[in-house]
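coords please:
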Amino acid sequence: MDRALRVPPHRSRGRVDDRDRHRIPRHARQVRRRRRRAGPAGTAAADRRTPTPHPRRHIRDRRGDTPGEERQVTNGTNGTRGRADATLRIHALRDQERRSADPALVALVQLIQEQPPYSYRADEVPHASTWFTALLSNSTVAYTASTDRPVAYCVLMPLRRRPDGEKLATLTGVDLERTLYIAELGADPSIRRRGVATRLLLAGLSSAPPDVDTYLVRTLADNTPAITLYQNLGFTLIDRTRQTHRGRSRVFLTCDRPAHGWSSSNGGPASNGR
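Now for the predicted structure:
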């Protein structure tokens, strides 16, 4: 037999030669030593106790997922932190859903109006259960974001459907018949600054009826995060136009409907490619 093809007896029995020891990882050598000390019975018992690892467990652990979990990555707009909002679902409310508000959604609206930056007292704004359902039923576009419960919402309605619509049109100089009013936009404090509100708003703006030329929104003058969000989408403050309600100043922002639609990649009007 050719000497090069001969297999040493100690290698044929599975033993490791000192010359090959450097090729085996240290942790593997430690496992082998523990198995030899435990003997056949101890090794078999340990194997029964050790669960078989998931073949892609290292990827799942690094990504932060859990088995069976839906995963949807948020857009990189308006402060999104580049992480996934697991099981987050964006849902357009149908006519029937807008006519009868989900109690969990009403509870979220009430929570948000009690939290900063609004911090409304009970004597300033009625409980959400007394006004939100009526507002939602008058809307034409409404979206929610949910996990196991609603965590954000966006409600838009024609300005002419508001009781004070004509007054607001005169004050801001917009066309009463062709303006869509952003009545409500809110997100649970636990998911803010992840771009969820921006995604809802972009979905609502993109779903506006074809006869809409202008968007109008009103917010507190000291609500800097909301003002910044709208300005990032192309809205502009209406100069020297304010309202005061119970000692709190409100400002208006407006935006013309972009000719080429809204961009979901960066927020704001889409480019025409020129």
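
report pLDDT for Pro55.
Pro55 carries a pLDDT value of 48.

can you show me the helices along the chain?
When assigned using DSSP state H, the helices of the chain occupy the ranges 9-12, 26-49, 57-63, 95-99, 103-114, 132-137, 165-172, 196-206, 224-232.

what is the mean pLDDT for the first one?
It stands for helix 9-12. Per-residue pLDDT values across helix 9-12 average out to 50.

the fourth one now?
Model confidence over helix 95-99 averages 91 on the pLDDT scale.

can you name every helix or strand that it contacts?
The helices and strands touching helix 95-99, judged by 3 or more C-beta pairs under 8 Å, 6 or more residues apart in numbering; DSSP states H and E, are helix 132-137. All C-beta spots, glycine's among them, are computed from the backbone N, C-alpha and C.

now, of the helices of the chain, which is deepest in the fold?
Comparing the helices of the chain on average neighbours per residue, with mean count of other C-beta atoms under 10 Å, the densest one is helix 196-206 at a mean of 22.

still on that earlier bit, least reliable of the helices of the chain by average pLDDT, please.
Taking the mean pLDDT of each of these, the lowest value is held by helix 57-63, a mean of 43.

residues contacting the nearest residue in space to Ala101 that is not next to it in sequence?
What sits nearest to Ala101 in space, not counting adjacent residues and going by C-beta to C-beta, 6 or more residues apart in numbering, is Thr133, at 4.4 Å. With contacts defined as C-beta atoms under 8 Å, 6 or more residues apart in numbering, Thr133 is in contact with 100-101, 106.

any figure for the gap between the residue nearest to Arg149 when sequence neighbours are not counted and Arg246?
Closest residue to Arg149 apart from its sequence neighbours, by C-beta to C-beta, 6+ apart: Ala104 at 5.2 Å. Going from Ala104 to Arg246 by C-beta to C-beta, to the nearest Å gives 28 Å.

what are the boundaries of the strands in the stretch 151-274 of the chain?
Counting by DSSP state E, counting those that start in this stretch, one finds strands in the stretch 151-274 of the chain at the ranges 179-187, 214-220, 236-245, 248-256.

what's the angle between the second one and helix 224-232?
Between strand 214-220 and helix 224-232, the angle comes out at 160 degrees (axes from the mean of the first three to the mean of the last three C-alpha atoms, to 10 degrees).

partner strands of strand 214-220, with direction?
Taking DSSP bridges as the criterion, strand 214-220 forms sheet pairs with strand 179-187 (parallel), strand 248-256 (antiparallel).

returning to that earlier point: the helices of the chain: which one's closest to Val155?
helix 132-137 (6.1 Å; C-beta to C-beta).

using CSV, write out every CA atom in the closest one.
Provided in CSV are the C-alpha atoms of helix 132-137 (Å, rounded to 0.1, in the frame of the first residue of the first chain):
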residue,chain,number,x,y,z
PHE,A,132,-64.9,61.6,18.8
THR,A,133,-67.5,59.2,17.4
ALA,A,134,-69.4,62.1,15.8
LEU,A,135,-66.2,63.5,14.3
LEU,A,136,-65.2,60.1,13.0
SER,A,137,-68.6,59.6,11.3
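
ok, back up a step: turn the strands paired with strand 214-220 into TSV, including mean pLDDT and mean neighbour count.
Formatted as TSV, these follow (pLDDT from 0 to 100; neighbours: other C-beta atoms under 10 Å):
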stretch	mean pLDDT	mean neighbour count
strand 179-187	97	22
strand 248-256	96	17
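
next, count neighbours for the residue nearest to Leu201 when sequence neighbours are not counted.
Distance criterion C-beta to C-beta, 6+ apart; nearest residue to Leu201, sequence neighbours excluded, is Cys154 at 5.5 Å. When neighbours are defined as other C-beta atoms under 10 Å, Cys154 has 29 of them.

let me see the contact set for Cys154.
Taking C-beta under 8 Å, 6+ apart, one finds 141-144, 182, 184-185, 197, 200-201, 203-204 in contact with Cys154.

go with 6 Å
Residues touching Cys154, when contacts are defined by C-beta atoms under 6 Å, 6 or more residues apart in numbering, comprise 143, 185, 200-201, 204.

mind listing the residues bridging to it?
On the basis of DSSP bridges, Cys154 is bridged to Tyr143, Leu185.

measure it to Glu124 for me?
The spacing between Cys154 and Glu124, counted by C-beta to C-beta, is 23 Å.

circling back: ok, which of the strands paired with strand 214-220 comes nearest Asn232?
Nearest of these to Asn232, taken as C-beta to C-beta: strand 248-256 at 11.2 Å.
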